[in-house]
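Asks: Would you be able to build a 3D model of this:
(chains A and B)
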Amino acid sequence: MNGFSSLAVVETRLFLREKAALIGVFGLPVALVIGFGLIPGFGDPRKGLSDQIGTEYIAAVGVAIVLASLGLTGVPMVLGQYRERGVLRRLGVTPMRPLTLLMASSRPGRRARATSGSGWRGRSTTRWPRA
Amino acid sequence: MTAVIDVTGLTKRYGGQAVVDGISFHVEEGEIFGILGPNGAGKTTTVECLEGLRKRDGGEVRILGLDPKTDGRRLHQRIGVQLQETQLQDKLKVREALELYASFYPDPADWRELLDRWGLASQSGTSFGKLSGGQKQRLFIALALVGNPEVVFLDELTAGLDPGARHATWDLVRAVRASGVTVVLVSHFMDEVEELCDRVAILERGRIAALDTPAGLVDSVGGEYRMRFRPMAPLEEQSLAGLPGVVSVTRRGGQVDVTGTGDFASAVTAELARRQVIVADLRIEGRSLDSAYVALTGQTMDT
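Replies: The predicted structure follows:
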């Protein structure tokens, strides 16, 4: 394995070992979808949501939360910790490029998008809300 | 012997103040070179400039013919580094760490072999956060060696290790050198430097205060050694006083104290043997690198 793929595998593993992060990232959106899905009448198409049903709309919000929490808080927090603990310095004296680390640590994000997308693609015509 | 590391006039300033002030030295192939000095003397800054972690402000540095400032990546393929005060990710397992770092190098060492050699085999599935201080330190040394480096930088190698682990680590450093690797050792432990290093540079306020073999440094400071023993047969003190190098001979009860310089101890023992005087409780107290350091820098170690 080259540096990038082994680092990506390790970063993904480390991410999956963080129970709290997993709950925050995946648990919250799933709870949202289930919670809103149980509201009576939420399954009917609505004009205000461009004829989407409410659950679809919330599912889209859920995906956005997963991506945002990973990308906007997860990766910066991890990189911040790496800097604080000297992990970045240690990696800095290996032949690996700093950019490789950045790309490898954003990989759980791509993974999350793939899993969450397939999980919720219940209906054949998913329309994203227009702004 | 060729110079593996060549440093000329290395300078590094922080906010206009020179932390490393024009130091020059070279390290030869297969050598264990020590950098010794009090906290804040510029030891770590110096090695960080060599490792390519910091950009020097002046001077020339060549390691294996490469300039760390411009050729960092090519250099990093050929050197191994153990940094002071770094941590790994707490949930990273020992095996994963070694495997990961091995994957960065073009021609890595067998990390399983390193696990065995550094006594980490039974910890291979343990997370970094659960390792003891000594195990962490051994892991960092193993990580420094995982790329099959030609030069290894070890910064505060035995910090946080218990005495048994320190001696074991010294043996392993000797083994590393025996395999042909050049070692640069940063330390503020005298005994470690005296035990391991072929040559030592003593750094003080960013300059090299002295550079020699440990024994050479001790000798350069000079001073007297003291030899004590209890003769088992009558002995005339005067017979020893005239020997080369002997400064004084005093008798306290049954014990004889001889002070002297240079190789006086062998002259005294030869004289005793010639007179067929058997002695008991023979003790020689010499100056150690510790006292040489204090004499050279005019200060005590700040640990």
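
Asks: if I pick the spatially most central residue of chain B, what's in contact with it?
Replies: By C-alpha atoms, centre = their mean, chain B has its centre lying nearest to residue B:193, at 2.8 Å. Applying C-beta atoms under 8 Å, 6 or more residues apart in numbering or on different chains to residue B:193 gives the contacts B:34, B:36, B:185, B:187, B:200, B:214, B:289. Any C-beta I mention is one placed from the backbone N, CA and C, and that applies to glycine too.

Asks: And for residue B:239?
Replies: Taking C-beta under 8 Å, 6+ apart, one finds B:271, B:275 in contact with residue B:239.

Asks: Backbone dihedrals for it, please?
Replies: phi -70, psi -20 (degrees, to the nearest 10).

Asks: tell me the SS of the residue of chain B found nearest chain A?
Replies: In chain B, the residue that lies nearest chain A is residue B:86 (3.2 Å; C-beta to the nearest C-beta). Secondary structure, DSSP: H, G, I helix; E, B strand; the rest coil: residue B:86 is coil.

Asks: which non-adjacent residue is nearest it?
Replies: residue A:86 (3.2 Å; C-beta to C-beta, 6 or more residues apart in numbering or on different chains).

Asks: For residue B:251, which phi and psi angles does the backbone take?
Replies: phi -120, psi 130.

Asks: Does chain A have contacts with stretch B:174-186?
Replies: No - residues of stretch B:174-186 contacting chain A under C-beta under 8 Å from any C-beta of the partner chain: none, with a closest distance of 13.0 Å.

Asks: which residues sit against that stretch?
Replies: With C-beta under 8 Å, 6+ apart as the criterion, stretch B:174-186 contacts B:4-5, B:27-35, B:43-44, B:47, B:50, B:80, B:84, B:117, B:145, B:149-157, B:173, B:192-193, B:196-197.

Asks: could you pull out the helices for chain A?
Replies: A:3-17, A:19-22, A:28-37, A:54-68, A:75-85, A:87-92, A:98-105, A:107-120 (DSSP state H).

Asks: pLDDT wise, what is the residue of chain B closest to chain A at?
Replies: Predicted confidence (pLDDT) at residue B:86: the value is 88.

Asks: doesn't residue A:88 make contact with it?
Replies: No - at 9.2 Å, residue B:86 and residue A:88 do not qualify as touching, with contact defined as C-beta atoms under 8 Å.

Asks: of these two, who's got more company?
Replies: Applying other C-beta atoms under 10 Å in any protein chain shown to residue B:86 and residue A:88 shows that residue B:86 carries more neighbours, namely 19 against 16.

Asks: residues contacting that one?
Replies: By C-beta under 8 Å, 6+ apart, the neighbours of residue B:86 are A:85-87, A:89-90, B:140.

Asks: Pull out the buried residues from these.
Replies: With burial judged by 16 or more other C-beta atoms under 10 Å in any protein chain shown, the buried subset of those is A:85-87, A:89-90, B:140.

Asks: Tell me the residues of chain A that contact chain B?
Replies: So chain A meets chain B at A:1-3, A:6-7, A:10, A:13-14, A:17-18, A:82, A:85-87, A:89-90, A:92-97 (C-beta under 8 Å from any C-beta).

Asks: redo that, cut-off 10 Å
Replies: A:1-7, A:9-11, A:13-18, A:78, A:81-82, A:84-97, A:100 (C-beta under 10 Å from any C-beta of the partner chain).

Asks: And the residue of chain A that's closest to chain B?
Replies: residue A:86 (3.2 Å).

Asks: residues in contact with that residue?
Replies: A:92, B:83-88 (C-beta atoms under 10 Å, 6 or more residues apart in numbering or on different chains).

Asks: Out of those residues, give me the one that has the most neighbours.
Replies: residue B:88 (25 neighbours).

Asks: Distance of residue B:186 relative to residue B:153?
Replies: 7 Å (C-beta to C-beta, to the nearest Å).

Asks: Need the residues touching each of these two.
Replies: B:35, B:47-48, B:82.

Asks: Now intersect these with the helices, please.
Replies: Short answer: those in helices (DSSP H) are B:47-48.

Asks: which of the shared contacts of residue B:186 and residue B:153 has the most neighbours?
Replies: residue B:35 (29 neighbours).
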